[in-house]
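Undergrad: no sequence on this one, just coordinates:
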């Protein structure tokens with residue numbers, strides 16, 4: 001078999017035309033197998049004799065890799081350097097280079113010999129490697145207000161070409177200004193591999209507004225990028241403001257517990273304070289509150305709190321304790337007599353505007369003013385005084401005692417017309433007894449709030465006067481009423497079951513009229529008898545009349561006939 005080298009020399013000597021196509025570019029991944037196509041992967045010509053792969057050495061001289069004859073099953077390796085163990089060719093005459101490295105960044109040429117032609121197809125190989133890792137090392141625990149802190153160092157290791165590192169703050173690019181933001185970048189190349197490790201250190205001076213911001217390291221290589229987001233950093237700073245709060249809803253009321261809260265804005269927040277309590281200083285550790293138990297009105301005034309390690313930083317708050325006192329001069333049960341005077345004293349001591357209201361037996365009334373007491377003044381009086389958040393009550397029961405006073409004595413005929421119903425009503429305290437001047441049946445009585453009512457049933461056979469006597473330990477009261485017979489009423493007319501007062505008035509009028517008529521008749525008779533008796537003196541007739549009349553006649557006679 002004629003060797004490929006001898007054949008190539010012969011073709012060249014015979015004037016075979018050598019054509020070189022434009023170079024292509026192939027991007028390979030570091031550590032993987034590089035597949036370099038011959039003639040962009042086009043099928044070999046039918047009259048192919050052989051294909052040869054060669055490359056350009058570092059010194060610019062050509063180097064042979066392998067020859068694959070069309071009639072041979074295997075390629076012949078000519079490489080004598082590091083490629084001898086890494087190269088091969090596939091059925092499509094593509095050159096395969098295992099474990100790509102940066103040393104493979106060069107031009108490889110596929111030479112195709114067919115018929116009387118010789119064609120070369122150069123391919124430039126570029127090897128790239130993404131960073132094996134992008135990490136942020138030496139991350140700070142926290143930022144310091146107004147103090148530069150090295151936030152961390154971002155590292156993109158073993159890359160080619162080298163990765164470009166940058167920083168973001170809350171998604172926006174962060175530029176170095178040499179003051180608040182200082183970014184320091186560096187690159188280190190590994191001699192054996194030629195890979196680059198890039199580092200970027202961020203030094204940052206924070207403000208309180210940076211609390212919770214997110215910093216991100218960005219690694220960029222060509223058109224690809226990779227990000228590493230950091231957890232938000234707390235911003236540490238000394239307390240700048242302090243406040244004292246009163247944890248009480250609404251006004252501070254005497255007798256209630258009042259909690260004071262001291263708050264400072266430092267980070268971390270202080271939890272040890274001094275509470276200044278009306279001349280007393282109390283140290284509270286591990287918490288920011290202090291409770292005043294059952295506060296009194298004497299404890300009104302200014303309260304303060306301060307930092308335990310900086311007492312010059314303090315805050316104050318004024319506490320006004322609301323109070324309300326109500327005192328009635330009379331409480332409990334007050335017993336007075338009818339007609340007696342009663343002076344009610346009301347004392348109110350309040351820390352602010354208040355409202356006073358009164359009730360009597362549960363009903364709203366005006367403030368009571370008592371002069372001469374009556375039974376109507378008796379009752380349960382309650383005074384209510386109220387102001388914001390406070391209400392006070394006091395009450396007393398006024399009992400007015402005295403002898404009974406009959407307020408009403410009435411009569412009515414029963415519905416069946418068989419008896420009369422008499423009702424006697426009286427005001428009295430204590431409860432009185434009732435006595436009637438007639439026998440009765442079905443008597444019943446009630447007594448409530450100083451008002452006594454007693455009712456009886458009678459069956460008068462004749463017209464009569466009935467007396468109601470009401471008695472208690474202070475005396476009695478008596479009242480009478482005329483009651484007609486139920487039988488007379490039946491005979492006079494049964495159309496009405498009542499006992500009309502008009503009938504009684506008519507009877508009285510008739511009786512008076514009869515008496516007047518009788519008086520007139522008697523007067524006329526007397527005049528007649530007088531004249532008659534004067535005539536009898538003259539005639540000597542016997543006198544008839546009363547002794548009084550005889551005496552008057554004698555006197556007249558003596559006057560007419562003097563001795």
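TA: Sure, I can see it. What you are looking at is a predicted structure, and each value in this text was computed from that prediction instead of being measured. Numbering: from 1, shown residues only.
Undergrad: which strands or helices does the helix or strand that residue 335 is a member of pack on?
TA: Secondary structure from DSSP states H and E places residue 335 in strand 332-337. Contacts defined by 3 or more C-beta pairs under 8 Å, 6 or more residues apart in numbering; DSSP states H and E place strand 332-337 against strand 390-413. Yep, even glycine has a C-beta here, placed from its N, CA and C like the rest.
Undergrad: domain parsing for this structure?
TA: Per automatic domain parsing, the structural domains of the chain span 4-128, 133-236, 242-322, 324-400, 402-501, 510-563.
Undergrad: which helix or strand contains the most centrally placed residue in the chain?
TA: In the chain, the residue lying closest to the centroid (C-alpha atoms, centre = their mean) is residue 249, at 11.3 Å. Assignment of secondary structure by DSSP H and E places residue 249 within no helix or strand.
Undergrad: please name the strands paired to the helix or strand that the strand holding residue 335 is followed by in the sheet, noting orientation.
TA: Downstream of strand 332-337, the first helix or strand assigned by DSSP H and E is strand 346-350. Strand 346-350 pairs in its sheet with strand 324-328 (antiparallel), by DSSP bridges.
Undergrad: what angle separates the partner strand from strand 332-337?
TA: 30 degrees (axes from the mean of the first three to the mean of the last three C-alpha atoms, to 10 degrees).
Undergrad: now do strand 324-328: distance to the chain's middle.
TA: In terms of C-alpha atoms, centre = their mean, to the nearest Å, the gap separating the centre of strand 324-328 from the centre of its chain is 33 Å.
Undergrad: may I see the buried residues of that strand?
TA: Using 16 or more other C-beta atoms under 10 Å as the test for burial, strand 324-328 gives 324, 326, 328.
Undergrad: check stretch 61-72 too.
TA: Within stretch 61-72, the residues that count as buried by 16+ other C-beta under 10 Å are 63, 64, 65, 66, 67, 68, 69.
Undergrad: just give the closest residue to the first one, not the sequence neighbours.
TA: Translated: residue 63. residue 57 (4.8 Å; C-beta to C-beta, 6 or more residues apart in numbering).
Undergrad: neighbours around that neighbour, how many?
TA: Counted with other C-beta atoms under 10 Å, residues neighbouring residue 57 total 11.
Undergrad: bridging residues for the nearest residue to residue 355 once chain neighbours are set aside?
TA: Closest residue to residue 355 apart from its sequence neighbours, by C-beta to C-beta, 6+ apart: residue 386 at 5.2 Å. For residue 386, the beta-bridge partners are residue 355, residue 391 (DSSP bridges).
Undergrad: so who does residue 386 touch?
TA: For residue 386, the contact set (C-beta atoms under 8 Å, 6 or more residues apart in numbering) comprises 324, 354, 355, 357, 392.
Undergrad: so the third one makes contact with residue 390?
TA: Translated: residue 355. No: at 10.8 Å, residue 355 and residue 390 do not qualify as touching, with contact defined as C-beta atoms under 8 Å.
Undergrad: looking at the two, which is more packed in?
TA: Higher neighbour count among residue 355 and residue 390: residue 390, with 19 against 9, using other C-beta under 10 Å.
Undergrad: which strand residues bridge the nearest residue to that one once chain neighbours are set aside?
TA: Nearest residue to residue 390 in three dimensions, chain neighbours excluded: residue 324, at 4.3 Å (C-beta to C-beta, 6+ apart). Note on residue 324: beta-bridge partners residue 350, judged by DSSP bridges.
Undergrad: ok now do residue 324, which residues does it touch?
TA: Contacts of residue 324 by C-beta under 8 Å, 6+ apart are 348, 349, 350, 351, 354, 385, 386, 387, 390, 391, 392.
Undergrad: are any of the residues you listed buried, and if so which?
TA: 350, 351, 354, 385, 387, 390, 392.
Undergrad: my guess is the last one contacts residue 327. True?
TA: Read that as residue 392. No: between residue 392 and residue 327 there is no contact, the gap being 9.4 Å when judged by C-beta under 8 Å.
Undergrad: quick one: residue 245 is in a strand?
TA: Yes: under DSSP: H, G, I helix; E, B strand; the rest coil, residue 245 sits within a strand.
Undergrad: so how far is residue 475 from residue 372?
TA: To residue 475, residue 372 is 17 Å away according to C-beta to C-beta, to the nearest Å.
Undergrad: same deal with residue 88?
TA: 144 Å.
Undergrad: more crowded one of the two?
TA: residue 88 (17 against 13).
Undergrad: before we move on, the earlier item: ok, of the buried ones among the contacts of residue 324, which one's closest to residue 295?
TA: Residue 295 has its nearest neighbour among the buried ones among the contacts of residue 324 in residue 351, at 12.5 Å by C-beta to C-beta.
Undergrad: tell me the contacts of that closest one?
TA: Contact partners of residue 351, counting by C-beta under 8 Å, 6+ apart, are 297, 320, 321, 322, 323, 324, 387.
Undergrad: cool, and residue 422?
TA: Contacts of residue 422 (C-beta under 8 Å, 6+ apart): 409-411, 436, 440, 455-458, 466, 468, 481, 483.
Undergrad: doesn't it lie inside a strand?
TA: Yes: checked against three-state DSSP, residue 422 lies within a strand.
Undergrad: from residue 482, how far off is it?
TA: To residue 482, residue 422 is 11 Å away according to C-beta to C-beta.
Undergrad: quickly list what's touching both of those two.
TA: Contact criterion C-beta under 8 Å, 6+ apart; residues shared by residue 422 and residue 482: residue 466.
Undergrad: count of neighbours near residue 307?
TA: Residue 307 has 20 neighbouring residues, counting by other C-beta under 10 Å.
Undergrad: what score does it have for pLDDT?
TA: Note on residue 307: pLDDT of 93.
Undergrad: likewise for the one 4 residues further on?
TA: What the model reports as pLDDT for residue 311 is 87.
Undergrad: residues touching it, list them.
TA: Applying C-beta under 8 Å, 6+ apart to residue 311 gives the contacts residue 274.
Undergrad: hang on, it in a strand?
TA: Yes: under three-state DSSP, residue 311 sits within a strand.
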